[in-house]
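> with the sequence up front, the predicted model follows.
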Amino acid sequence: MIGVELAKLFRRPRTYVIAALLCALPFIVAVFLATTRIPPPPGQGGAFLSAVLSNGALYPAAAMALVLPVLLPVSVAVLAGDAVAGEASAGTLRYLLIRPVGRTRLLVAKLVSLVVFVLFAIATVLVTSYLTGLLLFGAEPDSTGVTLPADVTSLSGVTITPAGLAWRLLATVAYITVSMLGVAAIALFLSTVTDSALGAAMGALAALVVSQVLVTLDAAAAVRPYLPTRYWLAWIDFFREPVLWRDIERGAALQLVYLVVLLGAAWANFMTKDVTN
Amino acid sequence: MRQLTGAGRTVVAGQARRRCSVVLAVVVVLGAVPVLLAHRPVPATGITPAALRDRIAASAGQVHQGYAQSAGALGLPALPNLEQVTALVSGTTEMRVWRGARDRWRVDVLGPGTEQGLYQLPGEQYLWDYGESRLTRIVGEQPLRLPRAADLTPPELVRRLLSLAAGDRVEPLPGKRVAGVVAAGLRVVPVAPGTTVAHIDVWADPDSGLPLQAEITARGARRPVFVTRFLEVSLTAPAAAVLDPPVPGPGIGAATTSAADVLAALDRWDSLTPPDSLAGYPRQDSVDGVPVVGVYGTGLARFVALGLPGRLGDDVFGNAARWGRRLTVSGGEAVLITAGLLNVLAVRAERTYLVTGFVDAPLLERVAADLAGGTA
């Protein structure tokens, strides 16, 4: 079942279109930065953007900060919202379940497919933005003629070795993937409630917008630690020295709670849902 | 066709209800975990407020490391060149703290994608600013400086406030868990007239005396207007490498300044020395031989008067005038910004002065009259 879903994921052109859109934003920003050499003031604009002019190898981190707040969650919400509701509205859900395919297995396969999509999309952004960074901001041949990225400085001022940068970027990919689990779970749950893929995606996005607004509101401080987007930017803490694990751990745990609860709700609702289309 | 199980209920509906109940139970359990953890009973610490106060005063050498947060709701406007100071008391500041000794510590101020680190070494400090990509070395003890985030960590702020409130009354407070540590509490109630502080609540580790949380409540306020606390803390020594400042590398600006430079700059402002007395309180120099900043009053009702040179003074006064209430004083102009706990007064007469402290409006109105050279 998982294999079928993955094959379907990578057969569909929309997967590549979405990945291309995700890659396009950092590329466009890089072109503007490289041509004008006007970085945003420190602390404003996307994270790391003010540093990439001298540290091209850090551009993948800046690219993550660009796609994470809006583009990536929108992509995940659209795909997750379409996961079950899309099958229902297309009239294929009934045939799918007749094959027979267990409903729990179908939900798990849909979720695994979404996780693989997020990994694929982030990896694509990582690779393209790394190449973009080296190409536009920093690539100097050393004494042996080998082209190396410029040194990367951590937020704490300590120079990050290439190996250190590699594990930090991989950890960032893993953390952002986990962060998207909450979005996927919300949209997947709504996808089992409605037959409208658009409605499910919009519902998930509405939940995220509400969360984003409340995160910035001091009056909502009591609920802030439980909001799904509260710890989304905690991956930046991988680039501090020493790494600040506090928010990273809380963010990962919170996403797992959302996943358990909403996937459970989706399962409870979907198991006995009448498939009428 | 669905089977009926009685009272019109179907087997399918029963299964759905059972599944929903399971999910609901999971939600309740997961939601209850943080509530139960937060409301665990706190054992009595058995330490008197006076003993706790003494231990806090003696805790400066206590090694520790942790994550602290300060949050102020004073709502002060951003005054020119003082934006960072007003932000400290009007917003939230996230800090990482490592303390290996009195003269060997580090405090990082964290922001989304930014970081500023202050490294204290014997006889010198290093200030790292990621946004500016600059490392500044400060040689010697700074005789005079503006408040900074490192002053707001619970240990630093509490020790400073308790030294100011040395003669004030202390009362016991129930213990509470702060960052997982069972902390003993005390309340300081100021006796000095004219202060805006209603009380200061402090919680500290009863064994080491390390302050873990402080809450300052203004007169007339129902909730604290400034809170600083550890969210995570460990009473262990940090690794030595953590306390080493960054090494300047390619792309990093480096600068050095010294205490002597600061004193030389202050000498140029000698003519801005505040009056010998304000509102009936004699001036005490904040630093011996440096009269440009005057300290007046006693206890928590102390206030600071700072003379500002021409253009800077005009900028500060103009900005204060946009936010504050104009006072009627003869011989000059005065603006009072009241923020509940910390009030700010700007006076422009022959010279421009900025006055601030935990002091109330009537006292500052008397100060304004004195600085303007007339009576209100």
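Received it, and whenever you're ready, just let me know what you need. Numbering: from 1, shown residues only, chains lettered A, B, ... in the order given.

> just give the number of residues close to whichever residue of the stretch 101-250 of chain B sits closest to chain A.
Nearest to chain A in the stretch 101-250 of chain B, going by Cβ to the nearest Cβ, is B:Gly131, at a distance of 2.3 Å. For the C-beta atoms, the positions are set from N, CA and C on the backbone; glycine is no exception. Using other Cβ atoms under 10 Å in any protein chain shown, the number of residues around B:Gly131 comes to 17.

> swap in B:Pro155?
26.

> what do you get for B:Leu243?
Neighbour number of B:Leu243 under other Cβ under 10 Å is 19.

> run through chain A and note the low-pLDDT ranges.
The model of chain A has pLDDT under 70 over residues A:42-45, A:94-100, A:139-151, A:274-277.

> residues from it in reach of chain B?
By the rule Cβ under 8 Å from any Cβ of the partner chain, the part of chain A lying against chain B is A:41-43, A:46-48, A:50-51, A:54-55, A:65, A:150-151, A:153, A:155-159, A:218, A:225, A:233, A:236, A:240, A:242, A:244, A:246, A:257, A:260-261, A:264-265, A:267-269, A:271-272.

> show me chain B divided up by domain.
Using automatic domain parsing, the domain ranges for chain B come out as B:11-36, B:49-255, B:268-372.

> going by mean pLDDT, which of those domains comes out lowest?
Ranked by mean pLDDT, the domains of chain B bottom out at domain B:11-36, which scores a mean of 83.

> surely B:Pro155 touches B:Pro211?
Yes - contact criterion Cβ atoms under 8 Å: B:Pro155 and B:Pro211 qualify, at 4.8 Å.

> now do the shared contacts for the two.
Common neighbours of B:Pro155 and B:Pro211, using Cβ atoms under 8 Å, 6 or more residues apart in numbering or on different chains, are B:Ser59.

> returning to that earlier point: close enough to count as contact, the residue of the stretch 101-250 of chain B closest to chain A and A:Ser50?
Yes - with contacts defined as Cβ under 8 Å, B:Gly131 counts as touching A:Ser50 at a distance of 6.5 Å.

> and stretch B:96-111, end to end?
Distance across stretch B:96-111, first residue to last, is 11 Å (Cα to Cα, to the nearest Å).

> how far off centre is that stretch?
Distance, stretch centre to chain centre, for stretch B:96-111: 15 Å (Cα atoms, centre = their mean, to the nearest Å).

> do it and chain A meet?
Yes - residues of stretch B:96-111 are located near chain A by Cβ under 8 Å from any Cβ, namely B:Arg96, B:Asp108, B:Leu110, B:Gly111.

> would you turn these into CSV with distance to A:Ala252?
Output for the residues of stretch B:96-111 next to chain A, formatted as CSV (distance: Cβ to Cβ, whole Å):
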residue, distance to A:Ala252
B:Arg96, 20
B:Asp108, 22
B:Leu110, 19
B:Gly111, 22
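
> output the longest helix belonging to chain A.
helix A:103-136 (DSSP state H).

> can you give me the helices for the stretch 101-250 of chain A?
For the stretch 101-250 of chain A, the helices defined by DSSP state H, counting those that start in this stretch occupy A:103-136, A:162-193, A:197-215, A:246-271.

> winner for burial among the ones you listed?
helix A:162-193 (a mean of 22; mean count of other Cβ atoms under 10 Å in any protein chain shown).

> hang on, the earlier thing: out of the helices of the stretch 101-250 of chain A, nearest to B:Pro190?
Set against B:Pro190 and scored by Cβ to Cβ, the helices of the stretch 101-250 of chain A come closest in helix A:246-271, at 34.9 Å.

> quick one: the closest one to helix A:197-215, angle?
150 degrees (axes from the mean of the first three to the mean of the last three Cα atoms, to 10 degrees).

> would you mark the buried spots in stretch B:339-351?
Going by neighbour count (16 or more other Cβ atoms under 10 Å in any protein chain shown), the buried part of stretch B:339-351 is B:Ala339, B:Gly340, B:Leu341, B:Leu342, B:Asn343, B:Val344, B:Leu345, B:Ala346, B:Val347, B:Arg348, B:Ala349, B:Arg351.
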